[in-house]
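Asker: Got a predicted structure plus its sequence, pasted below:
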Amino acid sequence: MTKKEFGITVFTFAFAVLAFVLMPTQTVGTSMTHFGGINITPRIFPIFSAGLMGILSLIHLIQLCLQGAKRKKAGGSFFAADPEDSAVWQVALVCVIMILYVLIMPTIGFILDSIILCTALAIFMKSKWWQVLVSGIALPIILYFLFRLVYVTMPTGTLWYGLLG
C-alpha cells in the first residue's frame with residue numbers, strides 16, 4: 001500500500017460516513033413500497049449504498065494496514081513506494097464534486113443538480129460533445145421520470161419556491 005492509496009481509502013470512508021448522514025435528508029416524500037412485509041421508503045437506497053461503501057472501504061483499510069504491518073515485520077517500510085503517475089487529485093476532485101452535489105441538492109433540486117453533476121463529470125472525463133449532452137441533460141431527466149414511475153419523489157429545490165411561488 002502506498003500513502004496515497006491509504007489516504008484515498010480513508011477519504012472514501014469519510015465520504016461514506018458523510019453520505020450516510022447527509023443523503024437520507026435529501027429524499028423527500030413518504031411514499032412506501034411494501035415488499036415482503038418490509039416498508040421500503042426513498043431513504044432505504046441512500047442509507048444502504050452509503051453503509052455498504054463505508055463497510056467496504058473499512059475492510060479495504062484493514063487489509064491495507066495488515067499488508068503494511070506484514071511489510072514492516074519483514075524489515076521494510078509500512079508504506080510502499082508511491083508510483084510516479086497517480087490519479088489522487090482526480091479522485092479527490094470527483095469526491096469534492098459529489099459532496100457539492102449532495103450539499104446543494106436541497107436548494108436547486110434533483111434535475112438541475114444532476115445536470116450540473118453529469119455535465120461536469122462528462123467534461124472532466126474528456127467526453128465527446130454528444131456524450132456530454134446525453135449524459136449531462138438527458139440522463140438526469142430520464143432518471144427523474146424513472147423515479148417518478150416507482151413513486152419516488154426527488155427534491156425539487158427550495159430555490160424554485162422563491163422564484164415561482
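Answerer: Now that the structure is in, tell me what you want to look at.
Asker: Every contact and neighbour count from this point should use C-alpha atoms.
Answerer: Fine.
Asker: for this structure, what are the low-confidence residue spans?
Answerer: Applying pLDDT under 70 to the chain picks out residues 1-2, 4, 23-42, 81-88, 160-165.
Asker: Now do the domain split for it, please.
Answerer: 1-84, 87-165 (automatic domain parsing).
Asker: Save those as CSV, and put in mean neighbour count too.
Answerer: Below are the domains of the chain laid out as CSV (neighbours: other CA atoms under 10 Å):
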stretch, mean neighbour count
domain 1-84, 16
domain 87-165, 16
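Asker: thinking I137 is in contact with A120, fair?
Answerer: No. Counting by CA atoms under 8 Å, I137 does not reach A120; the two are 11.1 Å apart.
Asker: Which helix or strand contains the spatially most central residue of the chain?
Answerer: Compute the mean C-alpha point of the chain, and by CA atoms, centre = their mean the closest residue is M98, 5.4 Å away. Using DSSP states H and E, M98 sits within helix 88-108.
Asker: just checking, what packs against that helix?
Answerer: Helix 88-108 sits against helix 3-26, helix 110-124, helix 158-164, with contacts defined as 3 or more CA pairs under 8 Å, 6 or more residues apart in numbering; DSSP states H and E.
Asker: the inter-axis angle of whichever helix in the chain runs longest versus helix 3-26?
Answerer: Counting residues, the longest helix found in the chain (DSSP state H) is helix 44-73. Relative orientation of helix 44-73 and helix 3-26, computed by axes from the mean of the first three to the mean of the last three CA atoms, to 10 degrees: 160 degrees.
Asker: that older thread, so what's the residue nearest to the centre of the chain up against?
Answerer: Counting by CA atoms under 8 Å, 6 or more residues apart in numbering, M98 touches L117.
Asker: Relative to K72, how far out is it?
Answerer: 35 Å (CA to CA, to the nearest Å).
Asker: would JSON lines of the helices and strands packed on helix 88-108 with distance to I104 be doable?
Answerer: Formatted as JSON lines, those follow (distance: least, CA to CA, whole Å):
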{"stretch": "helix 3-26", "distance to I104": "10"}
{"stretch": "helix 110-124", "distance to I104": "7"}
{"stretch": "helix 158-164", "distance to I104": "10"}
